[in-house]
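S.K.: Curious how this folds, go ahead:
(2 chains)
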Amino acid sequence: MADAITFTNVSKIYGDATVLNNLTFGIPEGQITTILGFSGAGKSTLMKHILGLTHPTSGKITSLGTDMETLDELGLREFRRNFGMVFQYAALFDFLTAFENVAFPLREFTKLKESEIKAKVSELMQAVELVPESWQRLPSELSGGMRKRVGLARALALEPRIMLYDEPTSGLDPISTQVVSDLIVDTAKQNAQRKLTSLVISHDVRASLRISDNIMFLEKGKIVEYSTVQGFKNSNNPVIRRFLEL
Amino acid sequence: MTFVRTYVEGIGASILGLLAGLGRFSQFMGTVFFWGAHPPMRIKLLMDQMYFIGNKSLFIVGLTSLFSGAVFALQMYLGIKAINMDSIVGPVVAISLAKELAPVFAGLVVAGRCGSAMAAQIGSMKVTEQLDALEVMGINPHQYLAVPRVIGATLSMPLLCGIFMLVGNFGSWLVGVHVLGIDEVMYFQKLSDFMRLGHVAEGLIKAGAFGFLIGMIGTYHGFEVRGGAEGVGKGTNLAVVWGMVTVLVSDYFISSFLAKIL
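M.R.: Numbering: from 1, shown residues only, chains lettered A, B, ... in the order given. Here you go, the predicted model:
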């Protein structure tokens, strides 16, 4: 299976601190890959590199076969439409209702008629199991789990090829955690035909083991382990064992 | 000796900090110009901003201008009554309003009301990752948030300034003619003798320049917010303080420039 994202000898150095240390790996297309690690391991920096929001000090990153360094500012913005991202705290626009948040990318980037936008948003809202009564609420009137679902619907609106999830279960109760985890898996299954690649950044080892096809463990900017879920569970690496026992 | 050295170092650090801030602000203005020149031009966002900055400021600008005109007419009358020149109250107030009071007072009102709101809105969006969400969607936050606010403020300020002039002159006429008893025919005669279109143009041009600066400063301090709620509060405060100071300081330089060309 081809890789949707590849890192080749990628390093990122801020002053004296090496945040990413000579990383070489590939994220397989059409699968769910989770990056686990303690705080400060370099997970968020890695995600910013994937989105082209920051550039590596050395090395090469390709996404969907495109070398990110060859794109100028405008090209990079155009290219980012291949990505959908669900933020840790959803990052919904607080001046728009849940419905309008999901409609936002459609209004910005498509020439769909109002009736088509309404139909598409309704379909997305139903896909993430949001009841119609909540559609016209502002983000401040929604629970954490509902906000994440709206964030997921918004991220899916333009049918991205790569979905990024930043700490999707952080701050949620166990039931909401399960609902959001199931949604990640369901989203991947529903979009399996177009080979949607999902990349999850998380601290939540249990949820990660349940939803992922592959798991990468980062520590101090280096890959400690990168394998299938089964391989990860069977790892003899003491750091992984300690993390699994948490 | 150590005290002197610490003192000098403190002054040096302050100057360097100010220069660094000016550098960042210049860079920010360059970014706003760059993205302002690129499509798409979001007309609806611009209209929303003009509605917020212009229409929503009407009451406070109207109230301020009515009493500014009224009190200025009163003071002028009390000052020149002794030399029997009370008929020039109208033109003196009108010219002062047109050239200075209207653009400066409207600028101070907009800096306080809208500059702070711009910084608070953008700052809170920044700390809640909403700016990152725009970035990830491929939308430049400067283009989406700063450009409509800066253009909106630049276009709304001359309109507010014009309203300030009209209502201020109404206040002056009301007090001058109906309270202080200045002859109405003389009031308007002197007004038409002394008042020039250039006076109004000067005020409107200045107002546009103040609007541009207030928009830039308000959005800049929003984008510069660091940390959480405390950072938003600090950014909002800086936007108001620097917005007002810039209106007053730039007034002199813009007036000097316009005096040469108008």
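S.K.: now the strands for chain B?
M.R.: Ranges of strands in chain B, per DSSP state E: none exist.
S.K.: So in it, which helix runs the longest?
M.R.: Of all the segments of type helix in chain B, defined by DSSP state H, the longest one is helix B:2-36.
S.K.: Pull out the buried residues from that one.
M.R.: Residues of helix B:2-36 classed as buried by neighbour count (16 or more other Cβ atoms under 10 Å in any protein chain shown): B:25, B:28-29, B:31-32, B:35. The way it works is simple: take the backbone N, C-alpha and C, and place the C-beta from them, glycine included.
S.K.: Now the phi/psi pair for A:I215, please.
M.R.: phi -130, psi 130 (degrees, to the nearest 10).
S.K.: My guess is it contacts A:E225. True?
M.R.: Yes - using Cβ atoms under 8 Å, A:I215 makes contact with A:E225 at a distance of 7.4 Å.
S.K.: out of those two, which sits in the busier spot?
M.R.: Taking A:I215 and A:E225 together and counting by other Cβ atoms under 10 Å in any protein chain shown, A:I215 has the greater number of neighbours (26 against 18).
S.K.: who's in contact with the more buried one?
M.R.: A:33-36, A:208-209, A:225-229, A:232 (Cβ atoms under 8 Å, 6 or more residues apart in numbering or on different chains).
S.K.: Which among those residues count as buried?
M.R.: Neighbour-count burial (16+ other Cβ under 10 Å) is assigned, among these, to A:33-36, A:208-209, A:225-226, A:229, A:232.
S.K.: Name the nearest of those relative to B:M1.
M.R.: A:I35 (55.6 Å; Cβ to Cβ).
S.K.: isn't there a strand covering the closest one?
M.R.: Yes - according to DSSP: H, G, I helix; E, B strand; the rest coil, A:I35 belongs to a strand.
S.K.: pLDDT at the spatially most central residue of chain A, what is it?
M.R.: Most central in chain A under Cα atoms, centre = their mean is A:L164, positioned 1.4 Å from the mean C-alpha point. For A:L164, the pLDDT comes out at 96.
S.K.: Specify the local secondary structure of the closest residue to it other than its chain neighbours.
M.R.: Of all residues beyond its chain neighbours, the one nearest A:L164 is A:M85 (4.4 Å), with distances taken as Cβ to Cβ, 6 or more residues apart in numbering or on different chains. Put simply, A:M85 is strand when judged by three-state DSSP.
S.K.: Let's see the pLDDT reported for A:M85.
M.R.: Here, the pLDDT recorded for A:M85 equals 95.
S.K.: which secondary structure elements does the lengthiest helix in chain A contact?
M.R.: If each helix of chain A is counted by residues according to DSSP H, the longest one is helix A:174-190. On a contact count with 3 or more Cβ pairs under 8 Å, 6 or more residues apart in numbering or on different chains; DSSP states H and E, helix A:174-190 meets strand A:32-37, helix A:144-156, strand A:162-166, strand A:197-202, helix A:205-211.
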